[in-house]
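*Asks:* Please find the sequence and the predicted model below.
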Amino acid sequence: MGFFDRFKRKPAPSKNGKAIDNDDDINDPASANFKKPGNHFKRITESIGFPTTNLDQGTEFDDVFFKQIGQDDTFDLPPELLQKSQRLSILMHRKNPRAKRTVELQIDFILGTGFKVKAVDPTVQDVLNKHMTLNNWDMKAEEKLRSLILMGEQLWPIAGITHDGIIKVSSISPMKIEKVLRLPQDAEELVQVVFFKRQLASGERDRETVDIIRKDANGVMIGNGFYFTINRVNGGTRGTPDLLASMDWLEGLDGFIFSVMERGVISQDVVYDLEIKGGNAKSVAKEVKSFISSLRAGGAYGHNEKIALSILVPKLGAADSEKAANIVLKQIQAGTGIPGMFFGDSDDLTRASASELSIPISKMFARRQAFFKDMLRMVFDFQIQVARGHGTIGKNVDESYKIIMPKIFLRDMSTVTKPLVELGVSLESAVRNTWVSNEEAAETYRMVLEQLGVDFDVNFFTGESGHAVTDEDQDGLDEVKEVMDRLRQEAAGQPV
């Protein structure tokens, strides 16, 4: 039974063809709690909420994924189903090797040995250092990223603030979240998280809320907790685990491999076929007894031409099992976006195809790394704002900083640098002979870099990029220049 099949719900009762729901929706115009917004926001709310739209109306898929018409959060999984998916995601990570490797692979590339924060002003740097120490980010960053991937969402309330304005960031399990509320005027703006705290003696649930930290109209960050989601669609409020799309196939692969292992044990068993021509029951029993007594190390069984002995081995169809397993594996790889070469499945790969597959994977890791960096930046921005309010950071202080994380590059450097050297020489000759302009040469060079999977702006060399070059950009430029100069010297036979 698949993951989604086991949690199917019965449709909500209806009256006169209209679904009944006791929970009023602040985004439903028919609800008593609906606050009619201005004309500017009304159209946005209606176009994003889709309160009467169902992408799979009339199918079994509809009953599993979407609530009935009239309920809120049309694009979110039902809370009970989302909680089950989060639990199974954690279980798969613990017991399924491929699920664990899928998650840990992201963490290895995104975080590596960790990240650093470098501020321009020493006062800001001191505040960020204290924040990093108090929250133990060197160890907790890996845990928080792993939880984000497995759960699809993270809720980090502010647990406290020290006398000098250093905030302590805590964490609440996403499985305790019951509801995420948004602004009536803007369905995209999430403002509050309702979560289950404990069960009271009366049987009722004790609920609390966290106001999601966000910027107001003046650019000031307000709220008392951070809420982040991944895999959330526009108009929804909750995230989903990365493993959700592959969960059925991971579970099926587990069962399939265990059955193959059981059949493997059976394959070690053998049956002896002792054929006695013209023998009766008594003579057959006598020959079997004689044969069994000879089954020992150094034993010999003698017989004439009327007796034939053969060994029967079970035929388990191992080749068919391998084909079936490969079909399931390809489904898992499609769901996770990670090809089999990262798991050691490289039988059908060539060096060229493996090199090409590394490009989309590096883009996927880079996208998730950028998102995690934005999460950290929001926390650090709030930390700086709180420290400024406590007087720890004075006025007219440069509050800029940068988050340094490992660079993600999966291509073989030799496949990148050597063609670039040859291209650079050719373009240099073309510019010198006025065949192309500097700008055309730079554009060609950048186009080749992008095809090789490198995010790099060659206009930095000429100062025509249109934006300021940061210290991190300049460090990368200096490194690339140094590598290319060394390769040119090697190509010319000069000592390096």
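*Replies:* Arrived safely.
*Asks:* For the rest of this, base every contact and every neighbour count on C-alpha atoms.
*Replies:* Noted.
*Asks:* so what's R182 scoring on pLDDT?
*Replies:* Here the pLDDT value assigned to R182 is 89.
*Asks:* just K118 next, same as before
*Replies:* 94.
*Asks:* Likewise for P339?
*Replies:* pLDDT, P339: 78.
*Asks:* can you give me phi and psi for it?
*Replies:* phi -70, psi 170 (degrees, to the nearest 10).
*Asks:* Nearest spatial neighbour of it, chain-adjacent residues omitted?
*Replies:* Nearest non-adjacent residue to P339, counting by Cα to Cα, 6 or more residues apart in numbering: Q333, 5.6 Å away.
*Asks:* was I right about that neighbour contacting F342?
*Replies:* No: between Q333 and F342 there is no contact under Cα atoms under 8 Å: 10.1 Å.
*Asks:* Determine which member of those two has the greater number of neighbouring residues.
*Replies:* Q333 (17 against 14; other Cα atoms under 10 Å).
*Asks:* Quick check: which element contains that one?
*Replies:* Q333 belongs to helix 318-336 when elements are defined using DSSP states H and E.
*Asks:* could you say what helices and strands that helix packs with?
*Replies:* helix 247-267 (3 or more Cα pairs under 8 Å, 6 or more residues apart in numbering; DSSP states H and E).
*Asks:* other SSEs contacting the helix it packs on?
*Replies:* With 3+ Cα pairs under 8 Å, 6+ apart as the test, helix 247-267 has helix 79-95, helix 318-336 packed against it.
*Asks:* Return the most buried member of those helices.
*Replies:* Mean neighbour count (mean count of other Cα atoms under 10 Å) peaks for helix 79-95 among those, with a mean of 18.
*Asks:* residue boundaries of the helices in the stretch 351-496 of the chain?
*Replies:* 351-389, 413-432, 438-451, 471-491 (DSSP state H, counting those that start in this stretch).
*Asks:* Out of these, name the one with the poorest average pLDDT.
*Replies:* Minimum mean pLDDT among those: helix 471-491, a mean of 57.
*Asks:* V220 versus D374, what's the distance?
*Replies:* D374 sits 17 Å away from V220, going by Cα to Cα, to the nearest Å.
*Asks:* rewinding a little: okay if I get the helices and strands packed on helix 247-267 as JSON lines plus distance to I361 and mean pLDDT?
*Replies:* As requested, these are arranged in JSON lines below (distance: least, Cα to Cα, whole Å; pLDDT from 0 to 100):
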{"stretch": "helix 79-95", "distance to I361": "20", "mean pLDDT": "92"}
{"stretch": "helix 318-336", "distance to I361": "10", "mean pLDDT": "79"}
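*Asks:* With just CA atoms, put the helix holding Q333 into CSV.
*Replies:* Taking Å, rounded to 0.1, in the frame of the first residue of the first chain, the C-alpha atoms of helix 318-336 are listed here in CSV:
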residue,chain,number,x,y,z
ALA,A,318,17.9,-12.8,-10.6
ALA,A,319,18.2,-10.9,-13.9
ASP,A,320,14.5,-10.0,-13.8
SER,A,321,14.8,-8.8,-10.2
GLU,A,322,17.7,-6.5,-11.3
LYS,A,323,15.6,-5.0,-14.0
ALA,A,324,12.7,-4.4,-11.7
ALA,A,325,15.0,-2.8,-9.1
ASN,A,326,16.4,-0.5,-11.7
ILE,A,327,12.9,0.8,-12.6
VAL,A,328,12.2,1.7,-9.0
LEU,A,329,15.7,3.3,-8.7
LYS,A,330,15.0,5.5,-11.6
GLN,A,331,11.8,6.7,-10.1
ILE,A,332,13.6,7.5,-6.9
GLN,A,333,16.3,9.4,-8.8
ALA,A,334,13.7,11.4,-10.7
GLY,A,335,12.0,12.3,-7.4
THR,A,336,15.2,13.4,-5.6
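*Asks:* Q125 and K116 touch, don't they?
*Replies:* No: in this structure, Q125 is not within contact of K116 by Cα under 8 Å, at 11.0 Å.
*Asks:* Setting the sequence-adjacent residues aside, check what's closest to T123.
*Replies:* Per Cα to Cα, 6+ apart, closest to T123 is I393, 6.4 Å.
*Asks:* Please list all residues in contact with the one you found.
*Replies:* I393 makes contacts with T123, V124, I384, A387, as judged by Cα atoms under 8 Å, 6 or more residues apart in numbering.
*Asks:* Could you count how many residues lie near T237?
*Replies:* Around T237 there are 23 residues (other Cα under 10 Å).
*Asks:* So the residue nearest to it when sequence neighbours are not counted: helix, strand or coil?
*Replies:* The shortest distance from T237 to any residue other than its chain neighbours is 6.1 Å, reached at V180 (Cα to Cα, 6+ apart). Counting by DSSP: H, G, I helix; E, B strand; the rest coil, the backbone at V180 sits in strand.
*Asks:* and V180, what is it in contact with?
*Replies:* For V180, the residues meeting the contact criterion (Cα under 8 Å, 6+ apart) are L190, V191, Q192, V193, V194, T237, R238.
*Asks:* List the ones among these that fall in strands.
*Replies:* Here DSSP state E is the test, and these give L190, V191, Q192, V193, V194 as lying in strands.
*Asks:* Turn those into a markdown table, columns for distance to V103, pLDDT and neighbour count.
*Replies:* Below are the ones in strands among the contacts of V180 laid out as a markdown table (distance: Cα to Cα, whole Å; pLDDT from 0 to 100; neighbours: other Cα atoms under 10 Å):
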| residue | distance to V103 | pLDDT | neighbour count |
| --- | --- | --- | --- |
| L190 | 27 | 93 | 20 |
| V191 | 29 | 93 | 17 |
| Q192 | 29 | 94 | 21 |
| V193 | 26 | 94 | 21 |
| V194 | 28 | 93 | 16 |
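*Asks:* Count the neighbours of K277 for me.
*Replies:* So K277, with other Cα under 10 Å, has 11 neighbours.
*Asks:* that older thread, how close does the residue nearest to P339 get to M341?
*Replies:* 10 Å.
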